[in-house]
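Peer 1: Dropping the sequence and predicted coords here.
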Amino acid sequence: MIDVSSAISTARLYLESVFGPEGYRNIRLEEAVLSDDDRFWQITFGFDRSQLGGTIWKKDYKVVKIDAQTGQARGVQIRELV
């Protein structure tokens, strides 16, 4: 099983590769949670996202799912705040 530091590093690289550098700034780690069945790390990042050509910035959150055994990224989801 990979540790939380490895999961976070992989998740950040995956997030940056999927969304690229344009339109995003101030990427921050928000949460790192191992699923109850120990199968996946769910890594949440918060960042500022550009809107209207960079004149307005909105806070956004994404959750990257990492396989806890292989360390491979399995996908990214929008994190809605309640």
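Peer 2: Alright, I've got the coordinates.
Peer 1: drop to CA atoms for contacts and neighbour counts, all remaining ones
Peer 2: Noted.
Peer 1: The residue nearest to residue 42 when sequence neighbours are not counted: which element?
Peer 2: If the residues on either side of it in the chain are set aside, residue 42 comes closest to residue 65, at 4.7 Å by CA to CA, 6 or more residues apart in numbering. If you go by DSSP states H and E, residue 65 is part of strand 56-67.
Peer 1: ok, and what's touching the following helix or strand past that strand?
Peer 2: Using DSSP H and E, the helix or strand that directly follows strand 56-67 along the chain is strand 73-78. Applying CA atoms under 8 Å, 6 or more residues apart in numbering, the external contacts of strand 73-78 come out as 10-11, 14-15, 61-67.
Peer 1: list the contacts for residue 61?
Peer 2: 44-47, 78-80.
Peer 1: Farthest pair within those residues?
Peer 2: Spatially, the most separated pair among these is 47 and 80, at 13.3 Å (CA to CA).
Peer 1: Would you mind telling me which of the two has more residues around it?
Peer 2: Neighbours per residue (other CA atoms under 10 Å) separate residue 47 from residue 80, with residue 47 holding more: 18 against 9.
Peer 1: correct me, but that one touches residue 27?
Peer 2: Yes - counting by CA atoms under 8 Å, residue 47 does reach residue 27; the two are 4.4 Å apart.
Peer 1: May I have the predicted confidence score for the residue located most distally from the centre of the chain?
Peer 2: Centroid-distance maximum for the chain: residue 55 at 24.0 Å, with CA atoms, centre = their mean. We have a pLDDT of 75 for residue 55.
Peer 1: Against residue 11, how distant is it?
Peer 2: Noted for residue 55: a distance of 28 Å to residue 11, by CA to CA, to the nearest Å.
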